[in-house]
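Q: return a 3D structure for these sequence lines:
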Amino acid sequence: MGIKVHNRKVGIAPRKVRLVADMVRNKKVEEAISILRYCPKKEIAITLTKLINSGLAIAVEDGKVDLDTLVIGEIFVNEGKTMNRVQPRAQGRAFRIRKRTSHVTVSLKEA
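A: Numbering: from 1, shown residues only. Just a heads-up that it's a prediction; the model follows:
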């Protein structure tokens with residue numbers, strides 16, 4: 001039995017979030033949280049830590065899962081909506097800025 005938690009419309013580009021998600025994939029939950037605590041990309045690490053803690057809260061609420069054996073089974077980042085913004089440039093031109101978002105999914109399973 002696995003526990004899945006989602007976080008949609010995270011205001012960070014998926015390419016950046018995938019770099020941090022790759023560091024914690026297939027790790028024990030305690031080890032993953034300690035890796036994220038010292039990760040240089042703080043905003044992404046905080047978002048993933050909150051998501052993992054949410055999964056742990058669901059596991060405690062169910063009571064059927066042993067918390068010591070939980071492993072991050074699946075963690076993947078999909079592309080969300082892209083907000084388009086305009087930056088003025090020289091001679092009346094406009095430059096498009098694409099603000100990308102991402103959808104993060106974490107699946108916890110027993111080892």
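Q: and the longest strand seen in the chain, what does it pack against?
A: As assigned by DSSP state E, the longest strand anywhere in the chain is strand 70-88. Judged by 3 or more CB pairs under 8 Å, 6 or more residues apart in numbering; DSSP states H and E, strand 70-88 is in contact with strand 3-10, helix 14-24, helix 29-37, helix 42-62, strand 94-110. Where you see a C-beta, it was placed from the backbone N, CA and C, and this is true even at glycine.
Q: how about that strand: buried residues?
A: For strand 70-88, the neighbour count (16 or more other CB atoms under 10 Å) marks 70-73, 75, 77, 80 as buried.
Q: repeat for stretch 20-27
A: Quick answer for stretch 20-27 (16+ other CB under 10 Å): 20-21, 24, 27.
Q: do the same with stretch 46-60
A: So, applying 16+ other CB under 10 Å, buried residues of stretch 46-60: 47-49, 51-52, 54-56, 59.
Q: where does this structure dip in pLDDT?
A: 1 (pLDDT under 70).
Q: centroid-wise, who is the farthest residue in it?
A: residue 91 (40.7 Å; CA atoms, centre = their mean).
Q: so it: helix, strand or coil?
A: When classified by DSSP: H, G, I helix; E, B strand; the rest coil, residue 91 comes out as helix.
Q: try residue 40
A: Quick answer, by three-state DSSP: residue 40 is coil.
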